[in-house]
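Enquirer: sequence below, structure please.
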Amino acid sequence: MNRNPDFFKKWLMELDNEKFYYEARNFLPNITTPFNQDIVSEDLTSFFLNEEKANALLSTIDNIDSLLLGVFQITEGATINQVLKLLKPFEKSVKSENNEFIYYSYFENNKEIEEFSYVSLIEHISNLSKRLIILSIDGRFILNPIFQEKLNYKASLSPIFNNLTPYYPNISTNIIDSEFLRGYLSIVKLNSKLTDYQKRNIVAPLFPSFNTDKLIEATEQVDKLLLELEIFKPFDTIEYEILQNLIDLSSFDISVLFFAQSIAPLFDNYQKVFLFSKKILCYLFEIKTFDTKSLIFLLETQAIKFEIENAANLVENLINLNIIIKTETSYQINHFDKEYPQAQPLIFDTDLTVRYLGSRGKNDILWRFASLCSLDIQTSYKLTKEDFRDALDSSMKTEIIYNYIKENCQNIDNCTAFNYLDLIEKQYNQLSVYDGIIIQADQRISRIIDLHPEIKDYILKKLADGLYLMSREKETQWTQILEKAGLIIPRRKGDLIQSETYFTNEQWRISNNFHLKSDQLNILNTLCEIDTILSKEEINTINNAIATKTFNSKKLRAQIELMEINKAEKQDLINRLRNSMIVDESQIQPLVLDTDISASGFEFRRKVNVCKMASKEENTVLKVTYLTHELLLLVEKVKTDDNNDFVVIAKKLPTLETVNLQISKIFNAKITNYVIN
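Expert: Purely as a prediction, here's the structure:
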């Protein structure tokens, strides 16, 4: 048993006197007033820590209790209104015989749980609260942590998740994984934005397994993510370290990242959106198949847990991102890998085409110096001088490329790539292109610049006598140095034209790296650190069989019947026993905790009085059996109609619809103390 007495005692001490006294007298009927709240809290905690009494109390849990515990478990706390919203998709409406009202029932024809009504739902939540199996904190109900370990095996959502169609792993559609990202980025390279025409006519043929429209959607998602992560920078620079971390994510985490990106506006920080997104996909990965009701239920439970709204609308996001696939009868999760695939060897052909089966491993850099030819069962890239130039332009060392080929090429002895790359590198080094600002100085000023000790670091290259190529990004620094030396710096001559060439100055490139905002800097590391496996408690909640009540109350009932006490005391004991609030003979003491204010059958005048009493006290709930159905009413008033019949005017829970009910048709009326808020 997960014993958390400190939390439970603190919760008890924060109750108002009326609530505290009610709970204490139910389980410890011998206490008297005035009492010491600290001592009573200790005694009440000891009652629940007693293994025998705890087991007896939890054996009163029935299948509806079990379902509700599952809801409170998966949401980590929910209000009654939130529970009603979660169960609404499973609701059916039943009209009365004369169509005067509608009552609500749930889980029709479910194999694991009997059909139950709205009234039954409220009764069960109320009784779980009175039995202290669940605790109310700021209007939300949570599982009592003192029973946490045992409740992990009582809570069950199997009626919602376990009556679904089988999972078919062969039904899968294309996903955005590391192979897709590498292939697409090998085409994009420094051109951070391709046109729709280029995608349809250049990119699409390279991904034969993708439908063209789906491919366009996928590339747009990638473009949006790269923009969000600020991968592409001005002057054709790329954050390769962040980009490599993105590529090295598993297909599961990549899908989490895209889902998080699509719903980020709903959240106030990245940590929260990742936790929500990864938890949703972990549940999808575990459960695998869903109908519409169960899928919305899952999304809504996590929306409650992470305090967001409109989670039901996220089904479309999951479909558009190919995270789930819609079949004829259900939804099922697409095929994702939580682990990174093992790298397969490369084969270099004489035409410098590179082929491999399956996938490449982490930190693979082939896409940096080659372009995708086809991404299929066998993937191929082509090594061209343009690709090699792009790699060198991105400050990639030639030695890194050579070592990569040596370590990964299966036919290294026959590989012709090295000679080709040597030739390209020689041609590449014959010409240098710089980005900077040219200044021209006369002979006197030129001597000052040549001899000034502080200006050297800002000269990229002396092009000729009196002609200098200066660092653009450090223009402020070197102009200040020259001005301090007594020189006047004129305005630039002519218009400044932005060059579209590739720049090879690594120092310039490093100095211009744009750093992400603090909450984005560790965005990918944050994603990886979140566990991809559901907890034991979460898995139990999904897979547990629905609990059944095993508590036998016959012995306690007989003991109550033999007691020589007044009618009200005996009725109170029997009512509390019937509601599973008494589980031990030490609780059987003559007292009245809940005054029985009710009338039934032919007690017409008493039924009228009960209804009138219910109208006088605010938030008093009247439970009535009307015709064949049970209703919960907030009574507004009792009046007589044109036929001099007494009529109850009330708002019916949970819809708050106003109804007029003839008291003569009410079989039973009882004032209750259910929790309704």
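Enquirer: need phi/psi at Lys549.
Expert: With angles defined as degrees, to the nearest 10, Lys549 sits at phi -70, psi 130.
Enquirer: ugh, wrong one, I meant Gln244
Expert: Torsion angles, degrees, to the nearest 10, at Gln244: phi -70, psi -40.
Enquirer: break down the stretch 51-200 of the chain into its strands, ranges please.
Expert: For the stretch 51-200 of the chain, strands defined by DSSP state E, counting those that start in this stretch occupy the ranges 91-95, 102-106, 116-117, 134-137, 140-143.
Enquirer: if we go by neighbour counts, what in stretch 72-91 is buried?
Expert: 72-75, 77-80, 82-87, 89-91 (16 or more other Cβ atoms under 10 Å). Quick note: C-beta positions are derived from backbone N, CA and C, even for glycine.
Enquirer: of those residues, which belong to helices?
Expert: Phe72, Gln73, Ile74, Thr75, Ile80, Gln82, Val83, Leu84, Lys85, Leu86, Leu87 (DSSP state H).
Enquirer: in JSON lines, list these along with distance to Glu630 and pLDDT.
Expert: Shown next, in JSON lines, are these (distance: Cβ to Cβ, whole Å; pLDDT from 0 to 100):
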{"residue": "Phe72", "distance to Glu630": "24", "pLDDT": "97"}
{"residue": "Gln73", "distance to Glu630": "27", "pLDDT": "96"}
{"residue": "Ile74", "distance to Glu630": "28", "pLDDT": "96"}
{"residue": "Thr75", "distance to Glu630": "27", "pLDDT": "96"}
{"residue": "Ile80", "distance to Glu630": "17", "pLDDT": "93"}
{"residue": "Gln82", "distance to Glu630": "23", "pLDDT": "94"}
{"residue": "Val83", "distance to Glu630": "18", "pLDDT": "95"}
{"residue": "Leu84", "distance to Glu630": "16", "pLDDT": "92"}
{"residue": "Lys85", "distance to Glu630": "21", "pLDDT": "92"}
{"residue": "Leu86", "distance to Glu630": "22", "pLDDT": "94"}
{"residue": "Leu87", "distance to Glu630": "17", "pLDDT": "93"}
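Enquirer: re earlier: ranking the strands of the stretch 51-200 of the chain by burial, who's on top?
Expert: Compared across the strands of the stretch 51-200 of the chain, strand 140-143 shows the largest average neighbour count, a mean of 20 (mean count of other Cβ atoms under 10 Å).
Enquirer: what is that strand packed up against?
Expert: helix 63-75, helix 118-130, strand 134-137 (3 or more Cβ pairs under 8 Å, 6 or more residues apart in numbering; DSSP states H and E).
Enquirer: and the ones you listed: which comes nearest Ala545?
Expert: helix 63-75 (8.8 Å; Cβ to Cβ).
Enquirer: contact partners of stretch 143-152?
Expert: 1-5, 7-8, 45, 48-49, 54-55, 58, 69, 72-73, 132-135, 155, 536-537, 540-541 (Cβ atoms under 8 Å, 6 or more residues apart in numbering).
Enquirer: quick one: contacts of whichever strand in the chain runs longest?
Expert: The residue-count maximum for a strand in the chain (DSSP state E) belongs to strand 629-640. Contacts of strand 629-640 with the rest of the structure, by Cβ under 8 Å, 6+ apart, involve 94, 96, 101, 103, 117-120, 122, 608, 611-612, 614-615, 619-625, 646-653, 656, 658-659, 661, 663, 672, 674, 676.
Enquirer: again with stretch 579-598
Expert: Against stretch 579-598 from outside (Cβ under 8 Å, 6+ apart): 22, 25-27, 29-30, 53, 56-57, 59-60, 127, 130-131, 549, 551, 553, 556, 559-560, 563, 565-566, 568-573, 575-576, 610, 613, 668-671, 673.
Enquirer: mind redoing it with 6 Å?
Expert: Stretch 579-598 is contacted by residues 26, 29, 53, 56-57, 60, 127, 130-131, 565, 568-569, 571-572, 576, 610, 670-671 when judged by Cβ atoms under 6 Å, 6 or more residues apart in numbering.
Enquirer: can you check stretch 546-553 too?
Expert: So stretch 546-553 is contacted by Ser59, Thr60, Ile61, Asp62, Asn63, Ser66, Glu112, Ile113, Lys154, Ser156, Ser158, Leu577 (Cβ under 6 Å, 6+ apart).
Enquirer: export the ones in helices among the buried residues of stretch 72-91 to CSV and tack on distance to Phe274?
Expert: Below are these laid out as CSV (distance: Cβ to Cβ, whole Å):
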residue, distance to Phe274
Phe72, 24
Gln73, 22
Ile74, 19
Thr75, 19
Ile80, 30
Gln82, 23
Val83, 27
Leu84, 30
Lys85, 25
Leu86, 24
Leu87, 29
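Enquirer: just the CA trace of stretch 134-145, in PDB.
Expert: The C-alpha coordinates for stretch 134-145 follow below in PDB (Å, rounded to 0.1, in the frame of the first residue of the first chain):
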ATOM      1  CA  ILE A 134     -11.700  10.000  -3.400                       C
ATOM      2  CA  LEU A 135     -10.900  13.400  -2.000                       C
ATOM      3  CA  SER A 136     -12.200  16.800  -3.100                       C
ATOM      4  CA  ILE A 137      -9.600  19.500  -3.600                       C
ATOM      5  CA  ASP A 138     -10.700  22.900  -5.000                       C
ATOM      6  CA  GLY A 139     -13.700  21.300  -6.600                       C
ATOM      7  CA  ARG A 140     -11.700  18.500  -8.200                       C
ATOM      8  CA  PHE A 141     -11.800  14.900  -7.100                       C
ATOM      9  CA  ILE A 142      -8.500  12.900  -6.800                       C
ATOM     10  CA  LEU A 143      -7.800   9.400  -5.600                       C
ATOM     11  CA  ASN A 144      -7.000   9.200  -2.000                       C
ATOM     12  CA  PRO A 145      -3.200   8.700  -2.000                       C
END
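Enquirer: centre of the chain to it, how far?
Expert: Distance of stretch 134-145 from the chain centroid (Cα atoms, centre = their mean, to the nearest Å) equals 22 Å.
Enquirer: what's the answer for stretch 381-393, then?
Expert: Counting by Cα atoms, centre = their mean, stretch 381-393 is centred 41 Å from the centre of its parent chain.
Enquirer: where are the low-confidence patches of the stretch 101-250 of the chain?
Expert: 163, 190-192, 232-237 (pLDDT under 70).
Enquirer: domain parsing for the protein?
Expert: 5-156+546-551, 178-333, 437-498, 598-672 (automatic domain parsing).
Enquirer: many thanks, I have nothing further to ask.
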